[in-house]
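**Student:** mind folding the following:
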Amino acid sequence: MDSFDEWRRRLADAMERRGDWPARSPWMREAVDAVPRDRFAPERVWWWDGHAYIPVDRATDPDRWAAEVYGDPDAAVVTQVTDGLPSSSLSCEAVVVDMLDSLLLEPGHQVMELGTGTGRNAALLACRAGGGRVTSVEVDAELAACARIQLREAGADVRVEVADGRDVPPAAVPYDRVMATFAVDEVPWSWVARTRPGGRIVTPWGRLGHVALTVAEDGLSATGWMQGLAQFMPARGTGRGRRVSYQQVRAAAAGPVDTRPAVRQLEPLRDDIHLRFALRVALPEVQITTAEDGDGLNAWLHDGSSWAALSAMAHQGGPRRLADELDAAWDRWLGDGSPSLYDYGMTVEPHRQYVWCVDPVTGPRWPLPV
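**Tutor:** As a prediction, the model looks like this:
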């Protein structure tokens, strides 16, 4: 028994109590035991103190370090901070397991992973697919070098390449499975082109859910359902507009401010993940934040140039009227019967892709930029 056995057991037991271990993938429990989180976490991790990311070093504060690495099943571990913002992480255990289950991975599959990070997810993939079957792509050369060392020390036969995962290099043979560990707003067509007909692609989408796509037999499209929640970091170099704060947008916005009474309570906007996902689909550029103060629950919206603030009153300014657009999208979701996250899916084609609801052919759809 080593010093982390008790931490590992607590996390595994918490997942057992919540029903997080997937019944159709019994191999996963054994793989997680064989590839523990602490062996792939760096000596320094980071925690958010409410104002900034603070380093926690294994050597000087081992208990705090272990608590970060083995938090609850929904807790990710920030393993790299760039310009004050997290740029790499050890994903939370519940989402790791859920996405691996969605991949429907079998022994002998050729697998491409996009976003090596610490290397742990690649090691889990190799536990199932087998040695020499997993190629992992990482854009950060330093992270890739560290992951190679970790994988080698863990006995995982994984090839790690340095490249931009959004435009993957050609493969000698098509992959059976492709898995991304960073969020995309549009699925690169190169992922579909590198996957065999009938193959499966699992990726976080929109930084709120993850989708599993199956490539059509003619190789000209991929389609599939949303599988669950997955709040992952975006691909490097994307999502810059999302890093602009509401305060910055409001200060810079020109023109008059429109004020009117708010039309509904804000609690569902904070608590209902299915509503939030529907709003993410309908208003992909809009960032929504909620918080409570002495005056009650508030919400703030912005798209990088327009803004809205909601409480008992709705205030909005900039080129768009975001409060009005939010109300319209919310009304449409209610009118459609309040579909859940799992009622949505995605179709990807060479020159277009879209999210749909209930049915990929007859259901409502929302085109995505390509």
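
**Student:** how about Glu93, what does it touch?
**Tutor:** Taking CB atoms under 8 Å, 6 or more residues apart in numbering, we find Glu93 in contact with Leu11, Met15, Asp20, Val32, Arg37, Pro73. Just so you know, the C-beta spots here come from the backbone N, C-alpha and C atoms, and that holds for glycine as well.

**Student:** now tabulate those residues in JSON lines and tack on pLDDT.
**Tutor:** Supplementary listing: the contacts of Glu93 in JSON lines, determined by pLDDT from 0 to 100:
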{"residue": "Leu11", "pLDDT": "96"}
{"residue": "Met15", "pLDDT": "96"}
{"residue": "Asp20", "pLDDT": "94"}
{"residue": "Val32", "pLDDT": "95"}
{"residue": "Arg37", "pLDDT": "94"}
{"residue": "Pro73", "pLDDT": "93"}
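
**Student:** now those as JSON lines including distance to Met226?
**Tutor:** Below are these laid out as JSON lines (distance: CB to CB, whole Å):
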{"residue": "Leu11", "distance to Met226": "26"}
{"residue": "Met15", "distance to Met226": "21"}
{"residue": "Asp20", "distance to Met226": "18"}
{"residue": "Val32", "distance to Met226": "24"}
{"residue": "Arg37", "distance to Met226": "26"}
{"residue": "Pro73", "distance to Met226": "20"}
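
**Student:** give me the subset of those residues lying in helices.
**Tutor:** Those of the contacts of Glu93 mapping onto helices are Leu11, Met15, Val32, per DSSP state H.

**Student:** which among those gets closest to Arg321?
**Tutor:** Arg321 lies nearest to Met15 out of the ones in helices among the contacts of Glu93, by CB to CB, at 43.8 Å.

**Student:** my guess is the closest one contacts Pro73, does it?
**Tutor:** Yes. Applying CB atoms under 8 Å, one finds Met15 in contact with Pro73, separated by 5.0 Å.

**Student:** what do the two both touch?
**Tutor:** What both Met15 and Pro73 touch, as defined by CB under 8 Å, 6+ apart, is the set Glu93, Ala94.

**Student:** coming back round to it: and which of the ones in helices among the contacts of Glu93 is nearest Leu297?
**Tutor:** Each of the ones in helices among the contacts of Glu93 was checked against Leu297 using CB to CB; the closest is Met15, at 31.1 Å.

**Student:** next, the contact list for that closest one, please.
**Tutor:** Counted by CB under 8 Å, 6+ apart, Met15 has contacts Trp21, Pro73, Glu93, Ala94, Val97.

**Student:** distance from stretch 203-217 to the middle of the chain?
**Tutor:** Distance of stretch 203-217 from the chain centroid (CA atoms, centre = their mean, to the nearest Å) equals 10 Å.

**Student:** listing partners with orientation, what would you give for the lowest-mean-pLDDT helix or strand in the chain?
**Tutor:** Across the helices and strands of the chain, mean confidence by mean pLDDT, DSSP states H and E is lowest for strand 85-90: a mean of 84. Paired strands of strand 85-90, with direction, are strand 77-82 (antiparallel) (DSSP bridges).

**Student:** how about the strand it pairs with: buried residues?
**Tutor:** Neighbour-count burial for strand 77-82 flags Val77, Val78, Thr79, Gln80, Val81 (criterion: 16 or more other CB atoms under 10 Å).

**Student:** pretty sure the last one is touching Tyr53, no?
**Tutor:** Yes. Counting by CB under 8 Å, Val81 does reach Tyr53; the two are 4.8 Å apart.

**Student:** where do the contact lists of the two overlap?
**Tutor:** Shared contacts of Val81 and Tyr53 (CB under 8 Å, 6+ apart): Trp46.

**Student:** if we can go back for a sec, of the ones in helices among the contacts of Glu93, closest to Arg276?
**Tutor:** Using CB to CB, Met15 comes nearest to Arg276 of the ones in helices among the contacts of Glu93, at 23.9 Å.

**Student:** burial count for the closest residue to Ser221 other than its chain neighbours?
**Tutor:** Using CB to CB, 6 or more residues apart in numbering and skipping residues adjacent in sequence, the residue nearest Ser221 is Glu349, 4.8 Å away. Glu349 has 15 neighbours, counted by other CB atoms under 10 Å.

**Student:** ok so, going back, in a markdown table: the ones in helices among the contacts of Glu93, plus distance to Asp343.
**Tutor:** Compiled in a markdown table, the ones in helices among the contacts of Glu93 are given as follows (distance: CB to CB, whole Å):
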| residue | distance to Asp343 |
| --- | --- |
| Leu11 | 31 |
| Met15 | 26 |
| Val32 | 30 |
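
**Student:** run through the stretch 201-350 of the chain and note the low-pLDDT ranges.
**Tutor:** Residue ranges of the stretch 201-350 of the chain with pLDDT under 70: 231-243.

**Student:** follow-up on the earlier one: which single one of the contacts of Glu93 is nearest to Val211?
**Tutor:** Closest approach to Val211 among these (CB to CB): Asp20, at 19.5 Å.

**Student:** no further questions, thank you.
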